[in-house]
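# take a look and give me a structure for this.
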Amino acid sequence: MAQVASKTLVNSQMTPTWEHFLRFKVNSFIKWDLVRFFHDNPHTADTVENIAGYIGRDTRTVQRELDALVEADILEATLVSGMMIYRYVTSPDVRHLIADFVGACYNREFRVKAIQYVIHGMSFSPGHDL
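Predicted structure coming up:
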């Protein structure tokens, strides 16, 4: 697997950019899966049921996380024939940030720190879905 160097990644450290990103945008592992899914499939426009099936997650949980990613300006939601359709935003800045994040995750040290950051920022309760 090829490693991609991220311009935002400096010595595998959690920069303020990544701290903000992991605190306010991708602050769960389901959101991480969704961001990766849309990065890998940038032309996808689909329903919550289909997206949940693609990533192998519960539909209700995916619905909540998709809506949060819409609020975070990473995804767009459009009502089409009575069904909500989700797609990746077209903003070059957002897509570049996501590409940098995905690339940085090829670095094991960064990935471990990002995982620890997400875990630390999550409030766990019984039955909490990651």
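# just for the chain, where's the confidence low?
In the predicted model of the chain, residues 1-13, 123-130 satisfy pLDDT under 70.
# so for it, the centremost residue is which one?
In the chain, the residue lying closest to the centroid (CA atoms, centre = their mean) is residue 35, at 3.0 Å.
# buried residues, the strand or helix carrying that residue. List them.
Following DSSP states H and E, one finds residue 35 within helix 29-40. Along helix 29-40, these residues count as buried under the neighbour rule (16 or more other CB atoms under 10 Å): 29-36, 38-39. C-beta coordinates here come from the backbone N, C-alpha and C atoms, glycine included.
# by contact count, what packs against the helix or strand harbouring residue 110?
Element membership for residue 110, per DSSP H and E: helix 108-121. Counting by 3 or more CB pairs under 8 Å, 6 or more residues apart in numbering; DSSP states H and E, the packing neighbours recorded for helix 108-121 are helix 16-20, helix 92-104.
# can you redo those helices as CSV with distance to residue 74 and mean neighbour count?
As requested, those are arranged in CSV below (distance: least, CB to CB, whole Å; neighbours: other CB atoms under 10 Å):
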stretch, distance to residue 74, mean neighbour count
helix 16-20, 13, 14
helix 92-104, 6, 17
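# thinking again about what came up before, could you save the buried residues of helix 29-40 as JSON lines and add columns showing distance to residue 86?
Shown next, in JSON lines, are those (distance: CB to CB, whole Å):
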{"residue": "29", "distance to residue 86": "18"}
{"residue": "30", "distance to residue 86": "13"}
{"residue": "31", "distance to residue 86": "13"}
{"residue": "32", "distance to residue 86": "16"}
{"residue": "33", "distance to residue 86": "14"}
{"residue": "34", "distance to residue 86": "9"}
{"residue": "35", "distance to residue 86": "12"}
{"residue": "36", "distance to residue 86": "14"}
{"residue": "38", "distance to residue 86": "8"}
{"residue": "39", "distance to residue 86": "14"}
